[in-house]
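Student: what would the 3D arrangement of this be:
(one chain, ligands or ions: 1)
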Amino acid sequence: MQQHDHDLWTSDAPLRFVGLEVGTRMTVLRLPDSRLLLHSPIGPSPALLSAVKELGTVAFLVAPNRLHHLFIDQWQKEYPDAATFVAPGLETKRADLAITGVLSDDPEPGWEGALDQVLLRGMPYVNEVVFFHRASATLIVTDLAFNLGPNSPLLTRAAFRFGGGYGQLGPTLLERLLVRNRAAFRESLERILEWPFDRVIVAHGNVCETGGRAQLMRGYSWALD
Ligand SMILES: [Fe+2]
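Tutor: Okay, the predicted model is just below:
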């Protein structure tokens, strides 16, 4: 587990997507009441479970988009009292899961003191909810931006150099193709860019510790113009 700020950690795990090693990342937030929120949980190994336990009690499990939901049930078994919130669409896609609520533009009462959120509209296949952690000026995205770098395997580097999301925050070609309603997407993006964030945590690639806002704007200039 890597600590980025007073109440902010991440933990990485290997993950292959269309044959490419892109990795995946869980973000752990400690809320003002000391309870924990797990964003895009990775598989709970014994080592990870004990590291999380040292930080506090998991109260919230968040599946932030329609593609990041794979390990929620395993964490539910470990923390049966935790509330599970999912991106719109997962409540039917994952009808097998016990779901507390569906994420929207409004922060849930349990975390409204610490986080803001926006549902990215216009990309219905993904329906990603993007979070802003005020205390650490951190934007937490899932697939909105990738940030693969030299630490990735050769094939991954080649693919992302070509398709986007290499060397700086940006969408891949796939994300660009998934935008169905550009005006709605742009409006959501503009709301996100109003937040005073500097660090950006992505699910695939490297965390951007500083200057993330400018990088994200550059990566999405085609949608913002
Ligand atoms: Fe992803």
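Student: nearest to the ion: which residue in this structure?
Tutor: Using CB to the ion, the single residue of the chain nearest to the ion is Asp143, 4.2 Å away. The C-beta positions use only the backbone N, C-alpha and C, and glycine is treated the same way.
Student: quick one: pLDDT of that residue?
Tutor: pLDDT for Asp143: 97.
Student: so what's the most centrally placed residue in the chain up against?
Tutor: The residue lying closest to the centre of the chain (CA atoms, centre = their mean) is Thr142, at 3.0 Å. Contacts of Thr142 were listed using CB atoms under 8 Å, 6 or more residues apart in numbering, and they are Ser40, Pro64, Asn65, Leu67, His68, Glu128, Val130, Val202, Ala203.
Student: turn these into TSV, including secondary structure, neighbour count and distance to Gln168.
Tutor: Output for those, formatted as TSV (DSSP: H, G, I helix; E, B strand; the rest coil; neighbours: other CB atoms under 10 Å; distance: CB to CB, whole Å):
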residue	secondary structure	neighbour count	distance to Gln168
Ser40	coil	26	21
Pro64	coil	28	22
Asn65	coil	27	21
Leu67	coil	19	22
His68	coil	25	22
Glu128	coil	24	19
Val130	strand	24	18
Val202	coil	28	11
Ala203	coil	29	16
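Student: reformat those as CSV; add pLDDT and distance to the ion.
Tutor: Output for these, formatted as CSV (pLDDT from 0 to 100; distance: CB to the ion, whole Å):
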residue, pLDDT, distance to the ion
Ser40, 98, 8
Pro64, 98, 9
Asn65, 98, 7
Leu67, 96, 5
His68, 97, 6
Glu128, 98, 9
Val130, 98, 13
Val202, 98, 9
Ala203, 98, 5
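Student: show me the contacts for the closest residue to Gly167 other than its chain neighbours.
Tutor: Here the nearest residue to Gly167 in space, its sequence neighbours aside, is Gly149; by CB to CB, 6 or more residues apart in numbering that works out to 6.3 Å. Contact analysis of Gly149 by CB under 8 Å, 6+ apart lists Arg157, Tyr166, Gly167, Gly205, Asn206.
Student: filter these down to the ones close to the ion.
Tutor: Among the contacts of Gly149, none lies close to the ion by the criterion of CB under 5 Å from the ion.
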